[in-house]
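# No letters, just coordinates:
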């Protein structure tokens, strides 16, 4: 019997296999940030252990970094302590670090691919659940906890039980205004926040083939929101073209050898998935969330659901609580929901293509007076690229704030937060209670919907806009 | 790591599903660089609500959390486990756990025992009828008892062995350093390196 993509990558990394024990899996690339690493380095220090492979490890500062006045000391003392601790740890253990202000600094999941470090067939881990992003390249990439971070630092391996495999077949053609974000929000709404538990999702089908690497990263990024360990897409010429020429891409003969291997990374025709789900791309519309988990989403044309319409008792209760927290009435058209803040950025949608898409919508327009618009590039390189293309001027003329790179308003950890009761349309990945700031209310949307919403002030798609004057 | 064989303590009924790690400990509490002191962030958003279960004096000293399905979803933050442990919880019981959370728990000596939702409901009722009721979690026998209720508990063999022996992961792996050395020798040279 053939193997799935995930099984091929897994099997190529087994250091040791023994009956009744987890496989010991080799890790090719370990990404590190300031939030989930201090206790891991602390553990190494206590045990007198070195980092086994600093040359397979890369650190960046992202979660705590401010996105304005980045030349000033970080005001929040604990944020500053975490950043300073990472700097000290990287120096002590010989780990490469891209600090705030560095040309390569940015969100860890934007930096890895942009440096060409994320490649097909690798195992990639990071103490961050959105590590699934890197699966867009055909890598097996997944988030780990701090104990596991320490384990990888010390041994470059992880003891793991094999994941199950689930095919997500997305067939058809996306309509105008429908994006990768809408695909993944629809997938999560379909299988639920627990539907992917224990699985690696492999996104397949005709709708995927035409997508850019940025779009594929958006999809794989949110695999974790369906509960999955990882998301993967088989590499193809789009993947190889993206990697070619990047700083850490293989060169010359090494490139040829790599390419030969990468071309073997697909699910065999006779391989069997443990589960399969189908999504009809032709039927997809722009998707938005109405509740407090990423599975509580609907097409933008729908209305806030009645909690009693759910069959399952716990879903009913969850919907009721979500509506209360979100201050929404059942039956309200989603398009009538007014927001205070629009956030464009994050490891889900903070790449150059996302900024281009949003800029194309807002170009020549003015934002709604009632809305604050934050545009936060995913990395310093993305910011630079956008500025070279004049996107910063488009956003500034529109009335948006053009910020420096970081996780920003995706999570309530740095100064970019919602105030209690404030409502956002956000291109990020989590609409949990308080995720963007205590009491904040989040609607997850695509960059196109975010941009159109910032024009009208209510949840909107570009199709709702009058032609720009 | 402390060995876990069996534990008896006050059960805390948490009647909520999908308790994600942002609810267990909000991001704002993650900034410490030490391994202790996270108990003040536990369920921080709910602790201000006087009807929240841990604000009931009878449950405040609880050490066995009995939660709804899909406990520990969301962010991979291990601080969620530290917060539960620092507060004094030794075990969490649920009908379904998020994978990363369960993995993190096993490594820190916090037992995540899987029970049927029917048994969870029975235990909830027992705990709510008489707040302060104790629950015994027997990892050796894989059984949870609470008064008259005797519920089978699922824990995989490997995690059970690790918890009962109190074994630390890295020490276990370092016994196989030779196998890691051999694997590295055979790795393809086109694989990327972060240092040049």
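Cool, the structure landed. Bear in mind the structure is a predicted one, so any value in this text is a computation, not a measurement. Numbers count the residues shown, from 1 in each chain, chains lettered A, B, ... in the order given.
# okay, CA-based contacts and neighbour counts for the rest of this
Noted.
# In the chain, where's the longest strand?
Looking at chain A here, since you left the chain open. When chain A is parsed with DSSP state E, its longest strand is strand A:164-171.
# The chain in question should be chain B.
Every strand in chain B considered (DSSP E), the longest is strand B:6-14.
# quick check: domain ranges of chain A?
Listed by automatic domain parsing, the domain ranges of chain A are A:5-262, A:302-464.
# what does the stretch 1-150 of chain A put close to chain B?
A:15-16, A:20-21, A:24, A:26, A:28, A:35-36, A:38-39, A:42, A:54-58, A:78-79, A:81-82, A:85, A:96, A:117, A:127-129, A:143-148 (CA under 8 Å from any CA of the partner chain).
# same thing with the stretch 351-469 of chain A?
So far as CA under 8 Å from any CA goes, the stretch 351-469 of chain A lies against chain B at A:411-413, A:432-435.
# and those residues, which are buried?
A:411-413, A:432-435 (16 or more other CA atoms under 10 Å in any protein chain shown).
# Looking at those, which are in helices?
Of these, none are assigned to helices by DSSP state H.
# Near residue B:187, how many other residues are there?
13 (other CA atoms under 10 Å in any protein chain shown).
# which residues of the stretch 251-400 of chain A fall in helices?
With helices called from DSSP state H, counting those that start in this stretch, the stretch 251-400 of chain A shows them at A:252-262, A:313-326, A:346-349, A:352-362, A:380-388, A:391-398.
# Point out the most buried one among those.
helix A:346-349 (a mean of 29; mean count of other CA atoms under 10 Å in any protein chain shown).
# And it, what does it pack against?
helix A:108-114, helix A:213-221 (3 or more CA pairs under 8 Å, 6 or more residues apart in numbering or on different chains; DSSP states H and E).
# go again using 7 Å as the cut-off
Here helix A:346-349 is seen to pack against helix A:213-221 when contacts are counted using 3 or more CA pairs under 7 Å, 6 or more residues apart in numbering or on different chains; DSSP states H and E.
# The helix it packs on - contacts with which helices or strands?
helix A:180-191, helix A:346-349.
# Serialize those to a markdown table and add fields for mean pLDDT and distance to residue A:371.
What follows is these, written out as a markdown table (pLDDT from 0 to 100; distance: least, CA to CA, whole Å):
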| stretch | mean pLDDT | distance to residue A:371 |
| --- | --- | --- |
| helix A:180-191 | 97 | 22 |
| helix A:346-349 | 97 | 19 |
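# Make JSON lines out of those helices and add distance to residue B:178.
Below are the helices and strands packed on helix A:213-221 laid out as JSON lines (distance: least, CA to CA, whole Å):
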{"stretch": "helix A:180-191", "distance to residue B:178": "42"}
{"stretch": "helix A:346-349", "distance to residue B:178": "37"}
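# out of these, deepest packed?
It is helix A:346-349: most buried of these by mean count of other CA under 10 Å, with a mean of 29.
# So which residues make contact with that helix?
A:107, A:109-110, A:218, A:221, A:378, A:407, A:410, A:427-429, A:447 (CA atoms under 7 Å, 6 or more residues apart in numbering or on different chains).
# now stretch A:244-255
So stretch A:244-255 is contacted by A:115-117, A:243, B:190, B:192 (CA under 7 Å, 6+ apart).
# Swap in 10 Å and give it another go.
A:112-119, A:240, A:242-243, A:256-261, B:188-196 (CA atoms under 10 Å, 6 or more residues apart in numbering or on different chains).
# Among those residues, the buried ones, what's the PyMOL command?
Buried residues within these, by 16+ other CA under 10 Å, are selected in PyMOL with:
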select buried, (chain A and resi 112+113+114+115+116+117+118+119+240+242+243+258+259) or (chain B and resi 190+191+192+193+194)
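# How about the longest helix along chain B, which residues are buried there?
In chain B, with assignment by DSSP H, the single longest helix is helix B:117-129. The neighbour-count check on helix B:117-129 (16+ other CA under 10 Å) flags B:119-121, B:123-124, B:126-128 as buried.
# which of those sit farthest apart?
The most widely separated members of these, counting by CA to CA, are B:119 and B:128 (14.1 Å).
# Give me the buried positions along the worst-scoring helix or strand of chain A on mean pLDDT.
Within chain A, no helix or strand scores below helix A:38-47, which has a mean of 89 by mean pLDDT, DSSP states H and E. Neighbour-count burial for helix A:38-47 flags A:38-44 (criterion: 16+ other CA under 10 Å).
# quick revisit: contacts for the longest helix of chain B?
B:10-15, B:53, B:59, B:66-69, B:93-96, B:114, B:131-135, B:144-153.
# Just want the angle from it to strand B:6-14.
Per axes from the mean of the first three to the mean of the last three CA atoms, to 10 degrees, the angle that helix B:117-129 makes with strand B:6-14 is 80 degrees.
# picking that back up, check which helices and strands the longest strand of chain B sits against.
helix B:57-60, strand B:64-67, strand B:91-94, helix B:117-129, strand B:134-138, strand B:143-146 (3 or more CA pairs under 10 Å, 6 or more residues apart in numbering or on different chains; DSSP states H and E).
# Quick check: what element follows it along the chain?
Downstream of strand B:6-14, the next assigned helix or strand under DSSP states H and E is helix B:21-24.
# List the contacts of that following helix.
By CA under 10 Å, 6+ apart, helix B:21-24 touches A:411, A:430, A:432-435, B:27-29, B:41-46, B:71-81, B:83-84, B:98, B:101.
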